[in-house]
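Asks: sequence first, then the predicted structure:
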Amino acid sequence: MKHSIMHPIGALALMAVVATTTLTAEPTHARQPNGTALDRYVYQDDPHYAWRIVQSVPTPEATIHMLEMTSQQWLTEKEVDRPIWKHWLNITVPKKVMSDTALLFIGGGSNKDAQPGEPDKRLAQAAVGVGTVVAELKMIPNQPLVFPDDGQELYEDAMIAYTWDKYLKTGDEKWPARLPMTKAAVRAMDTITAMCASEEGGQISVRQFVVAGGSKRGWTTWTTAAVDKRVRGIFPIVIDMLNVVPSFKHHFAAYGFYAPAVGDYESKGIMKWQDTEAYQNLMKIVEPFEYRDRLTMPKYVINATGDQFFLPDSWRFYWSELQGPKHLRYVPNGEHSLRETDAYETLVAGYACMVHDLPLPQLEWESPSPGMVKVQVRGMKPAEVHVWSADNPKARDFRVDTIGRSWKSNPLRAVSDEGRVYQARIEAPKKGYRAFLVEMTFHQKPMPAPMKMTTGVYVIPDVLPHAEKAGNL
C-alpha cells in the first residue's frame, strides 16, 4: 500500500487531544437467541461496561483514537485476582470513509503493558487504503490472571486450559474463558459504533463488521460471529481446529504424541476428557463447529502449513460442513506466528473485496486418487498458480520446527482453455511423507495487494503411523 499515516511518537504527543471519559455506555449489539451459555453470558447486562477516549491524533489522512474500554466483570475477586476486564482499543478513522463496515482486529497483549504509543502501522494503512474504519482490540484475553487455588500468573493457553479444567470438573458454565473473550469483542463493536457516531469520532456511521484475529483470537473471531449479527465477514487465522475431537485424535495418530504447543492442555489432562459427556457439553459452548449453522457469512480462513499446534490437513474435519461463502489459504513455510510471510496482505486484499462487494473467487477441489488434486476456480481468474510440496522422510510431521521452511513450489498450467481448471499429480516419496497443495494468486482492483487462496493440504501416503496407539487412548 502506498499510504502512510504514521507520525513519530513525539509528534503524536504534541498533536494528541485528550477527550472526556464516557462513564457508562449502552450496548448496541444485535442479539442472537439465548441458546447456549455463550449467548447467555455475552448478552447478560453488565454495569461495568464503559469506555473513554484517551487521546485523538489527527494526521493528514486519518484520525487515530486511543480508547480505554472496560468490557465486563468475569468471575469475582474470590475466584480471580482481576475480575474487571480492561482493554486498549485503537480506532483509525480515515478522512474518506467509503463504507459503514469496519474491520475489528482482535489482538493480544498483557495487563502489564503500557498504553500503546502508536497503532499497528499496517492496520492504520489498511484503514486509509481500503477507506474504512479499522480498529484493534488489545488484551484478549486479559492476562496474566491468578486463580487462588493455582497461585500462578497464567497466560494464553495455560489460562484457557485452567478454565476448561474448572468447567469439566464442576459443570459451571461461567468458567470457560472463551465467554469473556467473546463478550469483550462484542463490546468493542458497540464501542466503535458509539465512538464513531460521536462528535469526537466524526459522526461516522458504522453498522457492520468484518472480524479477524489469530490463534486464541482466531477462535474468538469464530465465536464473535456466532453471537452477533453485525458480523458480515470473518478472517479466522491459525486456528485450524474446528471439529476438535476428531482433529486432535488425528493429531495424536499422526505424531504418536501431543505437540509441545498444546502442552498446557495435556498437562491439565484435558485430552483425557475427550470422549466424555462433560467434554461434549464444553464443546457445545466454545467450539465454533457447533455454531456452523450460524456461521453463514463469508469466511476467509488463513492457516500455516508448519503450525506448531495443528496438522496441515486438519481442514478435512470441517471444511465440507462450513456453510456459505468460504475461502482458504494455507501459507507455505508459515509457522503459528506467520512471521516472515505475506499472510497480512491476504487479509487486507480479502477485506477490501468484502467491503467493496467485489465477489471473491471460489475454489472447488477434489482428490480423485492419492497424489492428485483437481481444482476449478469460479469468478476472478488467477494470475499465477503454483503447486507447493514438502517432504519429511522420517515422520508424518510438517511443523516448521521439524522440517524447517522446506516447502518448494512449481508453476502449474491450466488444463482447460478457459484457464479455470488445474490438475496436479504428485508422486509419493520413496521414504516418509510428502505434503502438497495448490495455490492461486489474484490481482484486481480495489485489492491493495495480491490475494492468495489454496486448496487444503494433502499428505501422501495418507497413512497414520500411530493410529493403533491413538486408538488405545
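Replies: Cool, got the structure.
Asks: where do the helices of the stretch 151-300 of the chain begin and end?
Replies: Secondary structure of the stretch 151-300 of the chain, counting by DSSP state H, counting those that start in this stretch: helices at 156-170, 178-197, 216-227, 244-255, 263-267, 277-286.
Asks: could you report the pLDDT at the residue most central in space within the chain?
Replies: The centroid of the chain falls nearest to Gly218 when counting by Cα atoms, centre = their mean (2.3 Å). For Gly218, the pLDDT comes out at 98.
Asks: ok, now Thr20?
Replies: 42.
Asks: so how far is Val301 from the residue nearest to the residue nearest to the centre of the chain when sequence neighbours are not counted?
Replies: With sequence-adjacent residues excluded and distances taken as Cβ to Cβ, 6 or more residues apart in numbering, Gly218 is closest to Ile239, at 3.4 Å. C-beta: built from backbone N, CA, C; applies to glycine. The span separating Ile239 from Val301 equals 8 Å under the rule Cβ to Cβ, to the nearest Å.
Asks: which residues touch Trp388?
Replies: 305, 332, 407-409, 436-439 (Cβ atoms under 8 Å, 6 or more residues apart in numbering).
Asks: Ala259: which of those residues is nearest?
Replies: Thr305 (14.4 Å; Cβ to Cβ).
Asks: run a quick neighbour tally on that closest one.
Replies: Thr305 is flanked by 26 other residues according to other Cβ atoms under 10 Å.
Asks: over to Val244?
Replies: 21.
Asks: give the buried residues for stretch 426-436.
Replies: Across stretch 426-436, burial judged by 16 or more other Cβ atoms under 10 Å covers 426, 433-436.
Asks: what lies in contact with it?
Replies: 305, 312-313, 370-373, 387-398, 424, 457-461.
Asks: before we move on, what about stretch 153-173?
Replies: For stretch 153-173, using Cβ under 8 Å, 6+ apart, the contacting residues are 37, 40-41, 108, 110, 141, 143-147, 150, 152, 175-178, 216, 262, 264-265, 267-270, 273, 276, 278-279, 281-282, 285.
Asks: now the residues you listed: which count as buried?
Replies: 37, 41, 108, 141, 143-145, 147, 175-178, 216, 262, 264-265, 268, 270, 273, 279, 282, 285.
Asks: quick revisit: right, and the residue nearest to the centre of the chain touches Ile234 too?
Replies: No. Here Gly218 lies out of contact with Ile234, judged by Cβ atoms under 8 Å, at a distance of 9.1 Å.
Asks: that older thread, pipe the helices of the stretch 151-300 of the chain into TSV and attach distance to His48 per row.
Replies: Listed next are the helices of the stretch 151-300 of the chain as TSV, based on distance: least, Cβ to Cβ, whole Å:
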stretch	distance to His48
helix 156-170	20
helix 178-197	10
helix 216-227	19
helix 244-255	31
helix 263-267	28
helix 277-286	22
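Asks: for Gln444, which of the ones you listed is the nearest?
Replies: Closest among the helices of the stretch 151-300 of the chain, using Cβ to Cβ: helix 216-227, at 25.2 Å.
Asks: list the contacts of Val400.
Replies: 304, 306, 308, 333-335.
Asks: switch the cut-off to 10 Å
Replies: By Cβ atoms under 10 Å, 6 or more residues apart in numbering, the contact list for Val400 reads 304-308, 333-337, 406-407.
Asks: do Pro236 as well
Replies: By Cβ under 10 Å, 6+ apart, the neighbours of Pro236 are 211-215, 217-223, 225, 242, 288, 295, 299-303.
Asks: can you tell me how far it is from Ser110?
Replies: 23 Å.
Asks: distance of the nearest residue to Asn111 once chain neighbours are set aside relative to Met66?
Replies: Counting by Cβ to Cβ, 6+ apart, Asn111 lies nearest to Asn142, which is 5.7 Å off, once chain neighbours are set aside. For Asn142, the distance to Met66 equals 18 Å [Cβ to Cβ].
Asks: what do you get for Gln308?
Replies: Relative to Met66, and taking Cβ to Cβ, Gln308 is found at 33 Å.
Asks: so for those two, which residue has more residues nearby?
Replies: Neighbour comparison, Gln308 and Met66: the larger count goes to Met66, with 23 against 17 (by other Cβ under 10 Å).
Asks: that one: which element?
Replies: strand 62-73 (DSSP states H and E).
Asks: flag every buried residue along that strand.
Replies: 62-67, 69-72.
Asks: then stretch 357-377?
Replies: In stretch 357-377, residues buried by neighbour count (16+ other Cβ under 10 Å) are 360-361, 363, 365, 371, 373-375, 377.
Asks: ok, so of those, who is nearest Ala124?
Replies: Using Cβ to Cβ, those come closest to Ala124 at Leu360, 24.3 Å.
Asks: what's the spacing between that closest one and Arg420?
Replies: 15 Å.
Asks: repeat that for Pro176.
Replies: From Pro176 to Arg420 the distance is 44 Å (Cβ to Cβ).
Asks: over to Asp113?
Replies: In terms of Cβ to Cβ, Asp113 sits 48 Å off from Arg420.
Asks: what does Ser367 give?
Replies: In terms of Cβ to Cβ, Ser367 sits 18 Å off from Arg420.
Asks: and what of Ala395?
Replies: Taking Cβ to Cβ, one finds Ala395 at 37 Å from Arg420.
Asks: again with Tyr43
Replies: Tyr43 is 45 Å from Arg420, by Cβ to Cβ.
Asks: and what of Lys229?
Replies: 34 Å.
Asks: again, but for Glu61
Replies: 39 Å.
Asks: Ser267 too?
Replies: Applying Cβ to Cβ to Ser267 and Arg420 gives a distance of 49 Å.
Asks: ditto for Pro236
Replies: In terms of Cβ to Cβ, Pro236 sits 27 Å off from Arg420.
Asks: equivalent analysis for Arg230, please.
Replies: Taking Cβ to Cβ, one finds Arg230 at 35 Å from Arg420.
Asks: when the two are compared, which one has more neighbours?
Replies: A count of neighbours by other Cβ under 10 Å puts Arg230 above the other of Arg230 and Arg420, at 21 against 16.
Asks: list the contacts of Trp88.
Replies: Here Trp88 is in contact with 54, 66-69, 107, 109, 113-116, 119, 136-139 (Cβ under 10 Å, 6+ apart).
Asks: kindly apply the preceding question to Val245 instead.
Replies: Counted by Cβ under 10 Å, 6+ apart, Val245 has contacts 271, 274-275, 279-280, 283, 287, 289, 317.
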